[in-house]
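> I'll drop the sequence and a predicted model, then ask my questions.
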Amino acid sequence: MRLVEQSAAQLAALVRDGEALAVDIVEAHLEEIAARDPEINAFTDLTADRARAAARAIDRDREAGRPLPALAGVPFAVKNLFDIRGITTRAGSKINRDNQAAAADAELVRRLEAAGAILLGALNMGEYAYDFTGENEHDGICRNPHDPARMTGGSSSGSGAAVAGRMAALALGSDTNGSIRVPASLCGIFGLKPTFGRLTRHGSFPFCDSLDHLGPMARTTEDLAIAYDAMQGPDPRDASCTDKPVEPSLPALAEGVDGLRIAIAGGYFSTDGMPEAAAAVQAAATALQAKDAVDLPYAAEGRSAAYIITNAESSAFHMERLRTRADDFDTDTRDRFLAGALLPAAWYVRARQVRQFYHDAVMPVFDEFDIILAPATPCAAPLSGQRSMVLRGEETLLRPNLGIFTQPISAIGLPVVAVPVDCGTEMPIGVQVIAPPWREDLCLRVAAYLESEGVARCR
Amino acid sequence: MSEKKDGAFDASRQIAALAPALGLDITEAQRPGVETFLKIAHGMSVVLERTPIPSDELQLAGTFRPGKRG
């Protein structure tokens, strides 16, 4: 049995049942990182000593007969915008390397560790999270484990690659416009972007306060659910974090899809001219017997609102860095940040207004349907370095458009699971399983059903 | 703002007008990229302007709470 191939749930069970030691699980993953990561480049920092110490403590607890938490012995890693005590939070940048090391862990790191998970290190990402490709001038390109010539997607590139490449059982990413779902799709794993406000962002480096979400990435739906349940709960230090109590998703995970009204997003989300995305949506829809198409009204407007809000807020946040160190930015993010600094305030206010308008227009759709299926990306992983793509017959910039289907969903904070669909494509590709606000449980149930039917599968 | 007489968006005028006010020095190497992304943003703003929101409404979702209709 190769320990690195086991899911988080399986690893925790092995430790709990005394069939594997946490120290052996950690060593197996560190060996896998040493073997694979020189090519993949998922990790920017390793916390090997910390991981070994945590593993020894878990093994001691088991030996002493103390109860073990749900993720005891499960190795995880985090996008390097999460604070890790003693490590500088670089957020994919060169500039942040001048900052002091973090004094404390991000709250979600703390919560996963409280659940027994073991931190292996920090992961590569697009600079300041403004990226859909996985390319980074400072830390190097993060490569797709299924074909190192191809993109991982971003900006949670290392999170996608570490999980797909069996270097971590779980990873945390952030998603402002699609940065969990795009790499999940391109790397062929599961990713949960919860409802906006569900998981605390305390101790993470911001990108765009109005739209930033954090969430888990994993090789099974069950692992997503366990990690998600362990991370829920209020946190007054994040103004956007909900006061809702923990709403566990795991108990209902295997309840299936009977009674759920599932529709396929049409209109803006049409996959015409996108054969890989079309195959993925069709395979999921067939398995779920979803035949109804539904329009998410004003999706293009919602996407535009997200674009402007992101561009304006992030650039204002980085204004002083843009004034003094513009050429220390990654070339591919620098010019977008500079442009964002020059947007008229009226565009930003209008974008905020449209965001609310679009939200109010979409909500009635959930009176008719419980779940909406949509493509996650317009295509499977492009080649690294590719600058443009053909989208519905038009040559267009690749960088902003890999997230064309994810951006309108996060714009209004809907919960989504990106599901890797086995649909005959050479490289993996995912679909989005979207639910109304605060119903992550439904997204996860549907994803689990697709997995149980053999339609969704991590390669 | 930054529109030519024919109504077309002029990214270079926008840069010239706003960058000095913000203390930003847009170099020649940066300018083509900045113009490209300003044009994309302008295209997005056009989409936003045509959204049929009543002219007497202003709801900006201060702290955004999904599920609560504005």
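Structure's in. What do you need?

> what's around residue A:428, how many residues?
28 (other Cβ atoms under 10 Å in any protein chain shown). In short, each C-beta sits where N, CA and C put it, glycine included.

> for the nearest residue to it once chain neighbours are set aside, what are its contacts?
In this structure, residue A:428 finds its nearest non-sequential neighbour in residue A:188, 2.6 Å apart by Cβ to Cβ, 6 or more residues apart in numbering or on different chains. Residue A:188 is in contact with A:146, A:164, A:420, A:427, A:428, A:429, A:430, A:458, A:459, counting by Cβ atoms under 8 Å, 6 or more residues apart in numbering or on different chains.

> how near is the spatially most central residue of chain A to chain B?
For chain A, the residue nearest the mean C-alpha position is residue A:180 (2.0 Å; Cα atoms, centre = their mean). Going from residue A:180 to chain B by Cβ to the nearest Cβ, to the nearest Å gives 17 Å.

> what's near enough to touch that residue?
A:156, A:159, A:173, A:174, A:191, A:192, A:193, A:213, A:215, A:217, A:418.

> just the pLDDT for it.
Looking at residue A:180, its pLDDT is 98.

> now do residue A:396
Predicted confidence (pLDDT) at residue A:396: the value is 89.

> hang on, isn't residue A:250 packed against residue A:232?
No. Judged on Cβ atoms under 8 Å, residue A:250 makes no contact with residue A:232 at a distance of 11.2 Å.

> which residues of the stretch 251-400 of chain A fall in strands?
Along the stretch 251-400 of chain A, the segments classed as strands by DSSP state E, counting those that start in this stretch run A:262-265, A:292-294, A:371-375, A:388-391, A:394-397.

> next, format those strands as JSON lines and append mean neighbour count and distance to chain B.
Converted to JSON lines, those look like this (neighbours: other Cβ atoms under 10 Å in any protein chain shown; distance: least, Cβ to the nearest Cβ, whole Å):
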{"stretch": "strand A:262-265", "mean neighbour count": "24", "distance to chain B": "18"}
{"stretch": "strand A:292-294", "mean neighbour count": "16", "distance to chain B": "18"}
{"stretch": "strand A:371-375", "mean neighbour count": "26", "distance to chain B": "15"}
{"stretch": "strand A:388-391", "mean neighbour count": "15", "distance to chain B": "12"}
{"stretch": "strand A:394-397", "mean neighbour count": "12", "distance to chain B": "8"}
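
> for chain B, give me the ranges with low pLDDT.
Scanning chain B for pLDDT under 70 picks out B:1-7, B:62-70.

> how about the nearest residue to residue A:427, chain neighbours excluded?
Excluding the flanking residues, the one nearest residue A:427 by Cβ to Cβ, 6+ apart is residue A:380, at 3.8 Å.

> list phi and psi for the one you found.
phi -80, psi -180 (degrees, to the nearest 10).

> isn't residue A:316 right up against residue A:342?
No. Here residue A:316 does not reach residue A:342: they are 11.0 Å apart, not a contact under Cβ under 8 Å.

> compare those two (neighbour count), which wins?
Neighbours per residue (other Cβ under 10 Å) separate residue A:316 from residue A:342, with residue A:342 holding more: 24 against 16.

> got the contact list for the more buried one?
By Cβ under 8 Å, 6+ apart, residue A:342 lies in contact with B:14, B:15, B:18, B:19, B:22, B:24, B:34, B:38.

> residue B:42 now?
Counting by Cβ under 8 Å, 6+ apart, residue B:42 touches B:9, B:11.

> mind running it again at 7 Å?
Residue B:42 makes contact with residue B:9, according to Cβ atoms under 7 Å, 6 or more residues apart in numbering or on different chains.

> and the helix or strand encompassing it, how far out from the chain's middle?
Element membership of residue B:42, judged by DSSP states H and E, is helix B:31-49. Between the centre of helix B:31-49 and the centre of its chain there are 6 Å (Cα atoms, centre = their mean, to the nearest Å).

> cool, stretch B:38-50 as well?
Relative to its parent chain, stretch B:38-50 has a centroid offset of 6 Å by Cα atoms, centre = their mean.

> where does chain A dip in pLDDT?
In chain A (pLDDT under 70), no residue qualifies.

> which phi and psi values does residue A:173 adopt?
phi -130, psi 180.

> these two touch, right, it and residue A:212?
No. Using Cβ atoms under 7 Å, residue A:173 makes no contact with residue A:212, being 11.3 Å away.

> which one of those two is surrounded by more residues?
Neighbour comparison, residue A:173 and residue A:212: the larger count goes to residue A:173, with 33 against 25 (by other Cβ under 10 Å).

> report how many residues lie close to residue A:387.
Neighbours around residue A:387, by other Cβ under 10 Å: 10.

> who touches the residue nearest to it when sequence neighbours are not counted in this structure?
Counting by Cβ to Cβ, 6+ apart, residue A:398 is the residue found nearest to residue A:387 once chain neighbours are left out, at 5.9 Å. Residues counted as contacts of residue A:398 (Cβ under 7 Å, 6+ apart) are A:382, A:386, A:387, A:388, A:389.

> one more: residue A:367?
Residue A:367 sits next to no residue when contact means Cβ under 7 Å, 6+ apart.

> any buried residues in the helix or strand residue A:451 falls within, and which?
If you go by DSSP H and E, residue A:451 is part of helix A:440-452. For helix A:440-452, a neighbour-count test (16 or more other Cβ atoms under 10 Å in any protein chain shown) marks A:440, A:441, A:442, A:443, A:444, A:445, A:446, A:447, A:448, A:449, A:450, A:451 as buried.

> dump those residues to CSV, plus distance to chain B.
Below are the buried residues of helix A:440-452 laid out as CSV (distance: Cβ to the nearest Cβ, whole Å):
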residue, distance to chain B
A:440, 12
A:441, 14
A:442, 14
A:443, 14
A:444, 17
A:445, 19
A:446, 19
A:447, 20
A:448, 23
A:449, 24
A:450, 24
A:451, 26
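
> out of these, which is nearest to residue B:44?
residue A:443 (27.9 Å; Cβ to Cβ).

> hmm, the closest one is touching residue A:435, no?
Yes. Between residue A:443 and residue A:435 there is a contact under Cβ under 7 Å: 4.7 Å.

> quick check: the two most widely separated of the contacts of residue A:342?
Distance extremes for the contacts of residue A:342: the farthest pair is B:22 and B:38 at 13.6 Å, using Cβ to Cβ.

> in terms of neighbours, single out the busier of these two.
Under the criterion of other Cβ under 10 Å, the comparison of residue B:22 against residue B:38 puts residue B:38 first, with 26 against 15.

> up against chain B, what does the stretch 51-200 of chain A have?
A:195, A:196, A:197 (Cβ under 7 Å from any Cβ of the partner chain).

> helix, strand, or coil at residue A:76?
Residue A:76 falls in the strand class when you classify it by DSSP: H, G, I helix; E, B strand; the rest coil.

> distance of it from residue A:61?
18 Å (Cβ to Cβ, to the nearest Å).

> got the residues of the stretch 201-350 of chain A near chain B?
So the stretch 201-350 of chain A meets chain B at A:210, A:239-240, A:298, A:300-301, A:304-305, A:307-308, A:311, A:322-323, A:326, A:334-336, A:338-339, A:341-344, A:347, A:349-350 (Cβ under 7 Å from any Cβ).

> please flag which of these sit within helices.
Applying DSSP state H to those, the entries found in helices are A:300-301, A:304-305, A:307-308, A:311, A:322-323, A:334-336, A:338-339, A:341, A:347, A:349-350.

> pull out the buried members of those residues.
Neighbour counting by 16+ other Cβ under 10 Å classes A:300-301, A:304-305, A:307-308, A:311, A:322, A:334-336, A:338-339, A:341, A:347, A:350 among these as buried.
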